[in-house]
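[1] compute the structure for the input listed below.
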Amino acid sequence: MIGTKLEVVVIPVSDVDRAKRFYGSLGWRQDADFPFDNGFRVVQFTPPGSACSLQFGTKMTSAAPGSAQGLYLIVSDIEAARDQLAARGAKVSEVFHAGTPGAQFQPEGTNGRVSGPAPDHATYRSFATFSDPDGNGWLLQEITTRLPGRGLSIDVATLTDLLREAEKHHGEYEPTAPKRRVPRVREVDFSRPSKFAVDQLRKLERAHETCCRTTATRLSTELLTPVELDVLGIDQLTWSTAMNQIPQPSVCGVIECKPLGTQVLLTAELGLMLRLVERLLGSTGSTKTRPRELTEIETALVSRVFTTVIEHLSVTWAELADVTMELRTIESQLANANLAPPSEPTLMLTMEVRFDKTSSTMALVVPHRSVESVLPRLSASQYGDTVVEPGATEAMRAGLAAVNVEIRAEVAATDLTLDEVLALQPGQVLRFGVPAANGVRLFAGKVPAHRAQPGRNGNYRAVQVIGRLGEAE
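    Down below sits the predicted model:
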């Protein structure tokens, strides 16, 4: 039978902002607060450790504010949980146990509630209650041991069966797991644009590799699941070719570059955006997504994801060229994001996003005209002449002076076959083809440094330095 998990409970409130302050003061995680032009607003909170979330807002339910009652919150220590809520300002009842069946659902102060936890803290028997400002009622229940069939039994027999099942299926995942996309290797096409210099491309690629790492960390935190983001490659194309290489269907965000007053494009596969949206709404990511038109709330969430990515891109470009980026609009059709003529030289930086056992791509598409004025800052010479602080050279020399360096004398070198090496005999002479007058070479570590003549000093071998080696030697 297909699993059906309770994901969200909706409660009616009269004042959304007041309810938001209340549940935030309890230490519950705020997942969303999305207002819309038509008056619809949804706010979502999740209690600590809960797989089910709470939603309230405007135009969400016709139920009377405060009519939600008996909302269970399961805890392992009823007294500690009660004290924590009270410390955060909630008006929580004393801990009690039911003297008569169903007493936990009756108002505080009525007969049937017996003060204090159940004898021996019997599981399922101890309670405490509290309400939000509208009167929606919450019921704390202490469960220390679940009844058979409720939750995972961790007895030895069950654990043994689980381990055997894991062993049986070990290795089955790897062949079916999504593989990392290999950066594409293309033949060189000399008809392609070359407006961006090689050193500029390398610098951009390195900077965006760092950007990908920080963005992945941010997304992993927001989605509560590991996200990996890597640069697949960077290329120069015409605008029309770049548009044709974007996977379809895709969503694109038009980005404004400040203070340049120009625009660039960030694209993402539609399937990726739908999976991210479902994650933001609390899904576990176990369901398959099919391409479809984005709803109004989904478009708002897609805009939030794009904004997160663009914030990190903006930091990267600010460091590179004093350019900041800001999302201007979201387009679901690439044809509506025509930022340059078809033949415009265009930079296309492709990134791979991996999460929930899936792999998708995003791309930053930059027309040459949009960044032409700041391209010189991306060249290696952008920093100008290096200024060395007074005394820095001597300080470095003093710090390195005591470092031990191996000095090695090399007579010459030649290549022999393995058979020739094995056939070497005492007294055999090897000719290296180097004039004897050339002496030997001295190496400082692995670096050739001087020419020298071999000889002896007393009973020890020695060399006499006769000159420095040139770079060609």
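[2] ramachandran angles for Leu375?
    Summarising the backbone geometry of Leu375 under the convention degrees, to the nearest 10, its torsions are phi -60, psi -40.
[3] per-residue pLDDT of the residue lying closest to it once chain neighbours are set aside, please?
    Across the structure, with Cβ to Cβ, 6 or more residues apart in numbering as the measure, the residue nearest Leu375 apart from its sequence neighbours is Gln200 (6.3 Å). Glycine gets a C-beta too; all of them are placed from N, C-alpha and C. As predicted, Gln200 sits at a pLDDT of 88.
[4] check the gap between Gln200 and Leu339 for me.
    As for Gln200, its distance to Leu339 is 20 Å (criterion: Cβ to Cβ, to the nearest Å).
[5] now the host helix or strand of Val302: buried residues?
    Secondary-structure assignment from DSSP states H and E places Val302 in helix 296-321. Going by neighbour count (16 or more other Cβ atoms under 10 Å), the buried part of helix 296-321 is 298-302, 304-306, 309-317, 320-321.
[6] and stretch 74-85, by the same measure?
    Under the neighbour-count rule (16+ other Cβ under 10 Å), stretch 74-85 has 75, 78-79, 81-82, 84-85 buried.
[7] in helices, which of these fall?
    Helix and strand membership here follows DSSP state H; of the buried residues of stretch 74-85, those in helices are 78-79, 81-82, 84-85.
[8] so where's the stretch 101-250 of the chain uncertain?
    Scanning the stretch 101-250 of the chain for pLDDT under 70 picks out the ranges 148-159, 168-193.
[9] show me where it has its strands.
    For the stretch 101-250 of the chain, the strands defined by DSSP state E, counting those that start in this stretch occupy 113-115, 126-131, 137-142, 228-238, 250-258.
[10] need the winner for burial among the ones you listed.
    strand 126-131 (a mean of 23; mean count of other Cβ atoms under 10 Å).
[11] so Leu364: helix, strand or coil?
    Leu364 falls in the strand class when you classify it by DSSP: H, G, I helix; E, B strand; the rest coil.
[12] repeat for Glu293
    Reduced to three states with three-state DSSP, the structure at Glu293 is coil.
[13] verify the stated contact: it with Gln333.
    No: in this structure Glu293 lies outside contact range of Gln333 using Cβ atoms under 8 Å: 10.8 Å.
[14] partner strands of the helix or strand harbouring Phe443, with direction?
    Assigning secondary structure by DSSP H and E places Phe443 in strand 440-444. Partners of strand 440-444 in the sheet, by DSSP bridges, are strand 407-410 (antiparallel), strand 447-457 (antiparallel).
[15] for Arg18, which of the ones you listed is the nearest?
    Distances from Arg18 to each of the strands paired with strand 440-444 were compared using Cβ to Cβ; the shortest belongs to strand 447-457, at 72.9 Å.
[16] got a list of contacts for the helix or strand that that closest one is followed by?
    Taking DSSP H and E as the definition, the helix or strand that follows strand 447-457 towards the C-terminus is strand 460-468. By Cβ atoms under 8 Å, 6 or more residues apart in numbering, the residues outside strand 460-468 that reach it are 409, 439-440, 442, 449-456.
[17] those helices in the protein, which residues are they?
    16-25, 78-87, 156-169, 173-176, 198-223, 239-245, 270-280, 296-321, 368-371, 392-400, 418-422.
[18] centre-most residue in the protein?
    With the centre of the chain defined as its mean C-alpha position, the nearest residue by Cα atoms, centre = their mean is Ala216, 1.4 Å away.
[19] enumerate every residue touching it.
    Remark: with contacts taken as Cβ under 8 Å, 6+ apart, Ala216 is in contact with 227-229.
[20] turn those residues into a markdown table, including distance to Arg354.
    Compiled in a markdown table, the contacts of Ala216 are given as follows (distance: Cβ to Cβ, whole Å):
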| residue | distance to Arg354 |
| --- | --- |
| Val227 | 7 |
| Glu228 | 4 |
| Leu229 | 8 |
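[21] of those, closest to Ala103?
    Taking the contacts of Ala216 together and measuring to Ala103 by Cβ to Cβ, the closest member is Val227, at 47.4 Å.
[22] what is the neighbour count of that closest one?
    19 (other Cβ atoms under 10 Å).
[23] can you check Val371 too?
    Applying other Cβ under 10 Å, we find 23 residues neighbouring Val371.
[24] isn't it right up against Gly261?
    No: counting by Cβ under 8 Å, Val371 sits too far from Gly261 to count as a contact (11.8 Å).
[25] quick revisit: not counting sequence-adjacent ones, nearest residue to the residue nearest to the centre of the chain?
    Beyond its immediate neighbours in the sequence, the residue positioned closest to Ala216 (Cβ to Cβ, 6+ apart) is Leu229, lying 4.0 Å away.
[26] show me what contacts the one you found?
    Contacts of Leu229 (Cβ under 8 Å, 6+ apart): 212-213, 215-216, 219, 351-354.
[27] now do Phe355, the pLDDT please.
    The model's pLDDT for Phe355 equals 83.
[28] how near is it to Leu272?
    The separation that Phe355 has from Leu272, given Cβ to Cβ, amounts to 9 Å.
[29] got a list of what Thr329 touches?
    Counting by Cβ under 8 Å, 6+ apart, Thr329 touches 253-254.
[30] number of nearby residues for the closest residue to Ile466 other than its chain neighbours?
    Closest residue to Ile466 in three dimensions, ignoring its sequence neighbours and counting by Cβ to Cβ, 6+ apart: Arg451, at 5.3 Å. Each residue near Arg451 was counted by other Cβ under 10 Å, and the total is 19.
[31] could you give the bridge partners of Arg451?
    Arg441, Gly467.
[32] dump the residue contacts of it.
    Applying Cβ under 8 Å, 6+ apart, one finds that Arg451 lies in contact with 438-442, 465-469, 473.
[33] what's around the closest residue to Gly112 other than its chain neighbours, how many residues?
    Distances taken as Cβ to Cβ, 6+ apart put Ala103 closest to Gly112, at 3.1 Å, once the chain neighbours are dropped. Here the number of neighbours of Ala103 (other Cβ under 10 Å) works out to 16.
[34] Ala103 and Ser115 touch, don't they?
    No: at 11.8 Å, Ala103 and Ser115 do not qualify as touching, with contact defined as Cβ under 8 Å.
[35] give me the common contacts of these two.
    Jointly contacting Ala103 and Ser115 under the rule Cβ under 8 Å, 6+ apart are Phe96.
[36] how close does Glu278 get to Asp356?
    When Cβ to Cβ is applied, the distance between Glu278 and Asp356 equals 9 Å.
[37] ditto for Glu331
    Per Cβ to Cβ, Glu331 is found 25 Å from Asp356.
[38] what of Pro48?
    23 Å.
[39] between these two, which has more neighbouring residues?
    Using other Cβ under 10 Å as the criterion, Pro48 and Asp356 rank with Asp356 on top: 17 against 12.
[40] correct me, but that one touches Leu223?
    No: judged on Cβ under 8 Å, Asp356 makes no contact with Leu223 at a distance of 9.0 Å.
[41] great, nothing more from me.
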